[in-house]
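Quick one, what's the 3D model for this:
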Amino acid sequence: MLKTKFSIPYGRQSIDQTDIDAVTEVLYADFLTQGPKVKEFEDAFAKYVGSKYAVAVNNATSGLHLSVLAMGLMKGDRIITTPITFASTANCARFVDADVYFADIDPDTYLLDINSVKKLIESKPKGFFKGIIPVDFAGLPVDLEEYIALCDEYDLFLIEDACHAPGGYFTDSKNNIQNCGNGNYADIAVFSFHPVKHIACGEGGMLTTNSEKTYKKLLSLRTHGITKENMSENHGGWFYEMQELGFNYRLTDMQCALGITQLAKNKAGVERRNEIANKYKCAFEGKVKFQSLKDGDLNAHHLFVIEVKNRKDLYDHLRENGIYAQIHYIPLHTLPYYKSLSVEQIELPNAEAYYSGCISLPMFPTLTDEEIEFVVEKVLENVGI
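Prediction:
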């Protein structure tokens with residue numbers, strides 16, 4: 001490998017003294033878990049996205065699992081999702097022994113294509129599918145207004161996988177800004193706090209909803225199905241009931257303290273991510289294909305993805321120069337596990353064409369202008385522009 005002054009990952013957490021102080025304060029406090037920081041983080045996050053309720057969990061995979069359980073998904077049911085996402089988006093259905101059907105993506109936005117979804121739904125009798133899980137891929141918001149109309153027509157639940165998109169929004173038909181996860185057009189939204197995401201908690205996730213019934217169900221499932229709600233004056237303080245089979249999917253106070261300080265910086269972080277994206281776009285316009293953006297929408301830019309003809313050559317070239325780009329994602333329907341299932345599969349040419357050339361360039365708020373220029377230089381150097 002050539003020696004270079006740069007070593008640039010595709011994503012990186014940003015931790016400063018305010019984060020460290022917040023975690024240290026909890027370490028000296030009475031509660032490391034199940035304490036006051038959990039509700040404080042939940043309330044702050046709900047306010048940030050504009051939802052009524054938020055439930056913190058230990059990671060987004062757990063959050064997706066709880067979401068499908070809260071929506072009543074069970075063995076023999078079927079959901080539709082995108083093949084261009086991390087495995088957890090589909091795996092959550094398999095956790096409850098439900099089947100997964102993949103629809104194709106839009107070749108320009110890389111989001112789940114609603115026309116492909118409609119075609120799939122219409123190919124089956126009404127009631128065949130139970131729900132849809134679209135993904136705000138790379139930080140670009142799905143138009144959930146279109147999807148909720150489809151879900152209402154076919155009596156489907158709608159779970160927004162917003163793991164890439166805290167701070168992003170789309171504009172609806174009434175010209176209202178709809179923040180990702182605000183609950184106005186989806187039953188539940190799921191966010192991730194993995195270190196390469198916008199808000200780093202080490203691991204962690206958040207569920208948002210506007211339904212009190214769903215909120216209470218999520219709280220129960222998160223903590224073993226246990227509640228103290230039916231305590232009476234005849235019971236002591238130790239009393240509890242396990243009303244259903246739940247899980248230990250809790251997030252600690254230490255992680256929530258970190259999440260609170262990270263959340264406070266996300267507005268500035270999203271602004272910087274868009275500054276970086278605009279620099280890339282200006283450099284690549286007319287030369288290299290990148291994800292399109294509809295007027296009135298805001299991409300939160302977890303990723304900045306481009307498509308090239310010789311992806312492996314570019315991947316190797318960037319690594320040789322200390323730029324550690326990544327590929328997001330291998331289409332789920334091509335992975336051995338999903339290929340082994342007996343579920344029928346339609347053709348997904350857009351997803352497969354996308355995968356043949358996609359590569360994610362460095363995208364994180366502390367990326368410097370000098371590093372951006374270096375990445376652009378090395379990309380254009382390789383693609384022959």
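
measure residue 88 to residue 333 for me?
The gap separating residue 88 from residue 333 is 15 Å, by Cβ to Cβ, to the nearest Å. Every C-beta, even on glycine, is put in place using the N, C-alpha and C of the backbone.

Oops, could you answer that again for residue 151 instead?
22 Å.

just residue 325 next, same as before
24 Å.

Looking at these two, which one has more neighbours?
Taking neighbours as other Cβ atoms under 10 Å, residue 325 and residue 333 compare with residue 325 leading, 24 against 21.

Please tell me I have it right and that one contacts residue 316.
No - in this structure, residue 325 is not within contact of residue 316 by Cβ atoms under 8 Å, at 10.0 Å.

Run through the neighbouring helices and strands of whichever strand or helix holds residue 121.
Element membership for residue 121 (DSSP states H and E) is helix 114-122. On a contact count with 3 or more Cβ pairs under 8 Å, 6 or more residues apart in numbering; DSSP states H and E, helix 114-122 meets strand 78-81, helix 144-154.

same for the very next helix or strand once past the shortest one, what does it pack against?
Sequence order places helix 88-95 as the next helix or strand after strand 78-81, per DSSP H and E. Packed against helix 88-95 by the contact rule (3+ Cβ pairs under 8 Å, 6+ apart) you find helix 60-70, strand 78-81, strand 99-102, strand 131-133.

In contact with the closest residue to residue 190 other than its chain neighbours, which residues?
Leaving aside its chain neighbours, residue 190 sits nearest to residue 63 (4.4 Å; criterion: Cβ to Cβ, 6 or more residues apart in numbering). Counting by Cβ atoms under 8 Å, 6 or more residues apart in numbering, residue 63 touches 55, 57, 190, 191, 192, 205, 206, 207, 249.

Only whichever of those are buried, select them in PyMOL.
One line in PyMOL is enough to select the buried ones among the contacts of residue 63; burial here means 16 or more other Cβ atoms under 10 Å:
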select buried, resi 55+57+190+191+192+205+206+207+249
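
Redo the contacts of residue 63 as TSV? Include secondary structure.
Formatted as TSV, the contacts of residue 63 follow (DSSP: H, G, I helix; E, B strand; the rest coil):
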residue	secondary structure
55	strand
57	strand
190	strand
191	strand
192	strand
205	strand
206	strand
207	strand
249	coil
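
For the contacts of residue 63, give me JSON lines that also has distance to residue 163 and pLDDT.
JSON lines is the format used below for the contacts of residue 63 (distance: Cβ to Cβ, whole Å; pLDDT from 0 to 100):
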{"residue": "55", "distance to residue 163": "15", "pLDDT": "98"}
{"residue": "57", "distance to residue 163": "12", "pLDDT": "98"}
{"residue": "190", "distance to residue 163": "6", "pLDDT": "99"}
{"residue": "191", "distance to residue 163": "6", "pLDDT": "98"}
{"residue": "192", "distance to residue 163": "4", "pLDDT": "98"}
{"residue": "205", "distance to residue 163": "8", "pLDDT": "98"}
{"residue": "206", "distance to residue 163": "10", "pLDDT": "99"}
{"residue": "207", "distance to residue 163": "11", "pLDDT": "99"}
{"residue": "249", "distance to residue 163": "16", "pLDDT": "98"}
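
Among the contacts of residue 63, which one lies nearest to residue 371?
residue 192 (24.5 Å; Cβ to Cβ).

Distance-wise, check the closest one relative to residue 23.
Counting by Cβ to Cβ - residue 192 and residue 23 are separated by 19 Å.

number of nearby residues for the residue lying closest to residue 349 once chain neighbours are set aside?
Distance criterion Cβ to Cβ, 6+ apart; nearest residue to residue 349, sequence neighbours excluded, is residue 104 at 6.9 Å. For residue 104, the neighbour count with other Cβ under 10 Å is 26.
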